[in-house]
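Peer 1: Got a predicted model here, sequence first, then my questions.
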Amino acid sequence: MKNNSVEFIMSGRRQRRRRWILVTALLAVLAFILSCTMLLLGNTIYPVQDVIRSLSGEQIKGVSFAVNTIRLPRMLAGLFAGFAFGIGGHIFQTMLRNPLANPNVIGITSGSSAAAVFCILILHTSNTVVSIVSVIAGLATVIVIYLLSKGKTFSIGRLILVGIGIQAMLDAFISYLLLKGAQQDIPAAIRWLSGSLNGSQMHELPPLVLTVFICTPIVFVLGKHLSLLELGEQSATTLGVNTDRARILLIVSSVCMIALATATTGPIAFVAFLSGPIAKRLVGVGFSNMIPAGLVGVNLVLAADLIGQFAFEVRFPVGIITGILGAPYLIYLLIRMNRKGDL
């Protein structure tokens, strides 16, 4: 009887592992297909062999400029920003045990956005400075939210409420800047706030790429602690987790990725909000959904950008398309949580 129970448990674990591997592989293949599609499609559709030759360094009239200067930076920005938003959103939702606790809702992206808009409209700084200030502002925002919500004991509900309040204040500040900013600078700020891959350039991407490559292994190693934090503060402490240290490392790593992604592409709406739940629904439970959530974020951003470019007569920024996809889910989630009494 005991052997049968052990075998049943091990069989279930093997099935869950196979499902995780299959879903993750399919998400990676889909991301690769979407990435290739972004390099091939545009005002002019170039042959595959010409695109490959151009990427390998060969100069081909018309193709090299379109692919290497316009399409490749756009694709890489969407890929790394989507991955950063997906992982960052999953970390916050899992760690705080609430699907509403994502960077878009609790004010973290608003902190980076407010700083970026201030740099664009008031200081007229370079994109490099905008990126640096956005990261600092994102970290400062999460520190303020964490300190205000901590009190005698850490409270998830208090953190979400404080974050929503901070977000409302920062959004009001952004609106004020848009009213006071010079007319010639406002289109750039609006385009950035809507979340867009337009105008992405290769020299702007290294900070985001480097941050993703540094922070992803950190949060992956801390994935075990993240799963324990999902059980609750007391349970995680009982199991030997230094909750404050683990939470700080996870928050700093995810905020760095989210802030740099926001600085590079603007606050692409709902990607951080949708990636984790979609990944959990596809993969199931039993294994970390961190990498699948990042891949879901990649696919959401790349697919939404292709839809925004080619599905309508007018081209829309990627943030508008993801907003259209995410808003109904937010309403559904609020209704479901209200029925359960979680609100």
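Peer 2: Structure's in. What do you need? Numbers count the residues shown, from 1 in each chain.
Peer 1: list the contacts for residue 133?
Peer 2: Residues counted as contacts of residue 133 (C-beta atoms under 8 Å, 6 or more residues apart in numbering) are 115, 116, 118, 119, 125. Any C-beta I mention is one placed from the backbone N, CA and C, and that applies to glycine too.
Peer 1: count of residues packed around residue 73?
Peer 2: Using other C-beta atoms under 10 Å, residue 73 has 18 other residues around it.
Peer 1: what's near enough to touch it?
Peer 2: Listed by C-beta under 8 Å, 6+ apart, the contact partners of residue 73 are 200, 201, 202, 204, 205.
Peer 1: which of those are buried?
Peer 2: Buried by 16 or more other C-beta atoms under 10 Å: 200, 204, 205, out of those.
Peer 1: Helix, strand, or coil at the first one?
Peer 2: I take that to be residue 200. Classification of residue 200 using DSSP: H, G, I helix; E, B strand; the rest coil returns coil.
Peer 1: Residue 81: how many residues sit nearby?
Peer 2: For residue 81, using other C-beta under 10 Å, the count is 31.
Peer 1: what ranges do the strands span in the stretch 1-150 of the chain?
Peer 2: Assigned strands in the stretch 1-150 of the chain: none (criterion: DSSP state E, counting those that start in this stretch).
Peer 1: for the helix or strand hosting residue 159, packing partners?
Peer 2: Taking DSSP states H and E as the definition, one finds residue 159 inside helix 156-180. For helix 156-180, the elements it packs on are helix 108-118, helix 127-150, helix 186-193, judged by 3 or more C-beta pairs under 8 Å, 6 or more residues apart in numbering; DSSP states H and E.
Peer 1: Format the contacts of residue 73 as JSON lines; extra columns: pLDDT.
Peer 2: Formatted as JSON lines, the contacts of residue 73 follow (pLDDT from 0 to 100):
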{"residue": "200", "pLDDT": "83"}
{"residue": "201", "pLDDT": "86"}
{"residue": "202", "pLDDT": "88"}
{"residue": "204", "pLDDT": "84"}
{"residue": "205", "pLDDT": "89"}
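Peer 1: In TSV, list those residues along with distance to residue 80.
Peer 2: Compiled in TSV, the contacts of residue 73 are given as follows (distance: C-beta to C-beta, whole Å):
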residue	distance to residue 80
200	10
201	14
202	12
204	11
205	7
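Peer 1: Which single one of the residues you listed is nearest to residue 336?
Peer 2: residue 200 (36.4 Å; C-beta to C-beta).
Peer 1: Okay, now the unreliable bits of the stretch 151-300 of the chain?
Peer 2: 151-155, 229-243, 286 (pLDDT under 70).
Peer 1: Where do the helices of it begin and end?
Peer 2: Secondary structure of the stretch 151-300 of the chain (DSSP state H, counting those that start in this stretch): helices at 156-180, 186-193, 206-221, 223-229, 233-238, 243-265, 271-283, 290-310.
Peer 1: What are the buried residues along the fourth one?
Peer 2: I take that to be helix 223-229. Quick answer for helix 223-229 (16+ other C-beta under 10 Å): 223, 225, 226, 227, 228, 229.
Peer 1: Who are the packing partners of that helix?
Peer 2: Packing contacts for helix 223-229, counted by 3+ C-beta pairs under 8 Å, 6+ apart, involve helix 72-95, helix 233-238, helix 243-265.
Peer 1: quick one: the longest one to chain centroid distance?
Peer 2: Okay, so that is helix 72-95. Offset of helix 72-95 from its chain centre (C-alpha atoms, centre = their mean, to the nearest Å): 3 Å.
Peer 1: Dump it to CSV, restricted to CA.
Peer 2: Output in CSV follows, covering the C-alpha atoms of helix 72-95 (Å, rounded to 0.1, in the frame of the first residue of the first chain):
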residue,chain,number,x,y,z
LEU,A,72,15.8,44.1,-34.9
PRO,A,73,15.9,46.8,-32.1
ARG,A,74,12.1,46.7,-32.0
MET,A,75,12.0,43.0,-31.7
LEU,A,76,14.7,42.8,-29.0
ALA,A,77,13.1,45.6,-27.0
GLY,A,78,9.8,43.7,-27.0
LEU,A,79,11.5,40.4,-26.2
PHE,A,80,13.5,41.6,-23.2
ALA,A,81,10.8,44.0,-21.9
GLY,A,82,8.1,41.4,-22.2
PHE,A,83,10.3,38.9,-20.3
ALA,A,84,11.1,41.4,-17.6
PHE,A,85,7.4,42.4,-17.2
GLY,A,86,6.3,38.8,-17.1
ILE,A,87,8.8,37.7,-14.4
GLY,A,88,8.3,40.8,-12.4
GLY,A,89,4.6,40.5,-12.3
HIS,A,90,4.7,36.8,-11.4
ILE,A,91,7.1,37.5,-8.5
PHE,A,92,4.8,40.2,-7.0
GLN,A,93,1.6,38.2,-7.4
THR,A,94,3.2,35.0,-6.0
MET,A,95,5.1,36.7,-3.1
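Peer 1: What mean pLDDT does that helix get?
Peer 2: Mean pLDDT, helix 72-95: 91.
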